[in-house]
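*Asks:* Got a sequence here, can you build the structure:
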Amino acid sequence: MAAHTQEGLTLSEFIWNQSSDLLEEARNTLFIRGVRDGELDPNFYGIYMLQDGLWCLEVSKIWKEVSRSNREGIDDQIRQFARESASKYRKGAENIYQGWNISQIRAGSEAQDYVHFIRAAFKEYAPSVLIATYACVKLWLTLTNELENVVKEGNPYKVWVDTMKSSGRTAEKQAQLIDTHKGFDRHAALSMFRMAMQKEIMFFNRGGDSQHC
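*Replies:* Below you'll find the predicted structure:
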């Protein structure tokens, strides 16, 4: 059974609810606002997509390490989820690389910084990867579902919204693992999650800027 906080929320609910200010900030980032309004600079979009592909590839490698790990706190459920996540992230990267007909790109500072953050979380306490990557899946689910309701035919980025919208299954599975894991400190988890949200916001704002690649 999932452990609840003093407010009656599970840990995944708590860290998400306590980060509503960052959700609002994410809604108004250069990338999300540009997609919503159909006015995103195509050059920014192109660079962002390639950097996103690189980020997915690097995170897939971290999930692969988790799937093979016997470190403290890693159990069979986490290893199974890690195997599934490694495959999904790698497939996402391959789809982007194949779609843009490239095989290798240089990592931008935002992508590098975000990957280093996730890897550091893994090294400190391996199950923390669940927290460090939850901002991505939860934010992605929320934002793409919101965009689906407002981005209409004629918006050049509707194809991106239609392709990238999330079913929410990964976020749900990840939340369940977060909620049932006994090794997380509530306030430390919130701090890490908010930091991950800030990495997402920075990526949305600067991930497509050629000056940072």
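*Asks:* from here on, contacts and neighbour counts on C-alpha atoms
*Replies:* Will do.
*Asks:* Confirm Ser87 sits in a strand?
*Replies:* No - residue state for Ser87 (DSSP: H, G, I helix; E, B strand; the rest coil) corresponds to helix; a strand is not indicated.
*Asks:* In this structure it contacts Ser60, no?
*Replies:* Yes - the criterion here is Cα atoms under 8 Å, and Ser87 meets it with Ser60 at 6.9 Å.
*Asks:* Please say which of the two ends up with more neighbours.
*Replies:* Neighbour count, other Cα atoms under 10 Å: between Ser87 and Ser60, Ser60 has more, with 24 against 17.
*Asks:* Surely that one and Arg83 touch.
*Replies:* No - counting by Cα under 8 Å, no contact exists between Ser60 and Arg83, whose distance comes to 9.1 Å.
*Asks:* Where does pLDDT dip in the protein?
*Replies:* Across the chain, the ranges flagged by pLDDT under 70 are 1-7, 210-213.
*Asks:* how far away is the nearest residue to Asn145 once chain neighbours are set aside from Ser128?
*Replies:* Nearest residue to Asn145 in three dimensions, chain neighbours excluded: Lys165, at 6.3 Å (Cα to Cα, 6 or more residues apart in numbering). Lys165 is 25 Å from Ser128, where distance means Cα to Cα, to the nearest Å.
*Asks:* With neighbour numbers in mind, choose between these two.
*Replies:* The residue with more neighbours, out of Lys165 and Ser128, is Ser128; 24 against 17, by other Cα under 10 Å.
*Asks:* Thanks a lot, catch you later.
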